[in-house]
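Visitor: generate coordinates for the sequence data below:
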Amino acid sequence: MSDEVYESVQEFLTTLDDDSNSPEKVFSKDDKDYENDLYKKWFRSKTQSGFLSIRPWFTGMKFKIDIGKTSPDGKLLGHTQLYVDAVDFAAYLKSITLGTAADIYPANDRLGIPTPEAYASYGGGKIDGKPVSRIFKAHHWSSGDTYDSNAFVWKAGHFTARVSDTGAYIPDMKSPISVDSIKVTRQDISSISYIVDLALYSYVANNQHWYEV
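Guide: So this is what the prediction gives:
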């Protein structure tokens with residue numbers, strides 16, 4: 001990616017830094033507002049280009065994952081962001097780096113994760129008064145019906161939903177609102193896992209009552 005294109009992308013992505021419309025954002029004046037991404041990866045192939053960014057939202061003990069698409073000239077075409085539980089996500093990443101994920105996170109057809117070393121996180125909220133399901137999934141990279149265990153696909157999706165009697169958001173998988181994905185290598189995951197752990201250790205060390213969040 002050229003410097004000119006990179007600068008153009010950076011300009012467009014500054015709009016992603018404003019979480020003021022997020023229902024989860026409840027920072028107080030005494031909270032540290034984590035403005036910088038912990039991790040950002042750009043990707044470019046023959047057919048598409050985009051990015052993956054991860055940043056902490058420790059007020060809710062979550063990480064925000066944002067996956068987006070850019071045009072060949074670096075303009076933002078769209079993106080899908082959601083939140084995953086900080087501890088669960090960190091544990092999943094660590095299990096991959098330790099080689100234990102296949103046993104701890106097996107394939108689960110019911111959850112729509114077709115391979116071992118897979119992870120799914122479900123959430124939801126209301127946008128303009130309408131229920132929306134937010135789903136993050138990670139599993140082995142696929143090409144047609146063939147899976148490659150040397151890499152993973154990370155998917156972020158928003159779907160039209162209904163709210164159950166228990167308050168759960170039930171997605172209509174046939175009614176996607178926004179869906180984005182990116183290829184993530186094992187080497188990528190090693191780096192992500194390390195920096196996610198550092199962020200959590202730093203937060204816990206500097207907040208004695210972190211467990212009350």
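
Visitor: the lengthiest helix in the chain: which residues count as buried?
Guide: Ordering each helix of the chain by length in residues (DSSP state H) puts helix 186-205 first. By neighbour count with 16 or more other CB atoms under 10 Å, helix 186-205 contains the buried residues D188, I189, I192, S193, V196, A199, L200, Y203. All C-beta spots, glycine's among them, are computed from the backbone N, C-alpha and C.

Visitor: for the residue most central in space within the chain, give its distance to D180.
Guide: In the chain, the residue lying closest to the centroid (CA atoms, centre = their mean) is I65, at 2.7 Å. To D180, I65 is 10 Å away according to CB to CB, to the nearest Å.

Visitor: anything in contact with each of those two?
Guide: Listed as contacting both I65 and D180 by CB atoms under 8 Å, 6 or more residues apart in numbering are A156.

Visitor: tell me where the chain has helices.
Guide: 3-13, 86-98, 101-104, 186-205.

Visitor: among those helices, which comes closest to Y122?
Guide: Nearest to Y122 among those is helix 86-98; the distance by CB to CB comes to 11.4 Å.

Visitor: how far out from the middle of the chain is the closest one?
Guide: 13 Å (CA atoms, centre = their mean, to the nearest Å).

Visitor: who's in contact with it?
Guide: 56, 58, 61-63, 101, 104-105, 117, 119, 121, 138, 186, 189-190, 192-193, 196-197, 200.

Visitor: hmm, try it at 10 Å
Guide: With CB atoms under 10 Å, 6 or more residues apart in numbering as the test, helix 86-98 has contacts from 54, 56-58, 60-63, 65, 83-85, 100-105, 117-121, 136, 138, 152, 186, 189-197, 199-200, 203, 213.

Visitor: quick check: beta-bridge partners of the nearest residue to S49 once chain neighbours are set aside?
Guide: Among residues not flanking S49 along the chain, T70 sits closest, at 5.1 Å (CB to CB, 6 or more residues apart in numbering). Beta-bridge pairing for T70 (DSSP bridges): S49, L76.

Visitor: my guess is T70 meets D180, correct?
Guide: No: using CB atoms under 10 Å, T70 makes no contact with D180, being 11.1 Å away.

Visitor: low pLDDT regions in this structure?
Guide: 1-35, 213 (pLDDT under 70).

Visitor: and with 80 instead?
Guide: Low-confidence segments of the chain, defined by pLDDT under 80: 1-35, 46-47, 212-213.

Visitor: that one: strands as residue ranges?
Guide: In the chain, the strands defined using DSSP state E lie at 39-44, 49-57, 62-70, 76-85, 119-127, 130-143, 146-163, 169-185.

Visitor: tell me which residues are up against the first one.
Guide: Contacting residues not belonging to strand 39-44 are listed as 1, 5-6, 9, 13, 49-55, 63, 65-67, 69-70, 72, 74, 182-185, 188, 191-192, 194-196, 199 [CB under 10 Å, 6+ apart].
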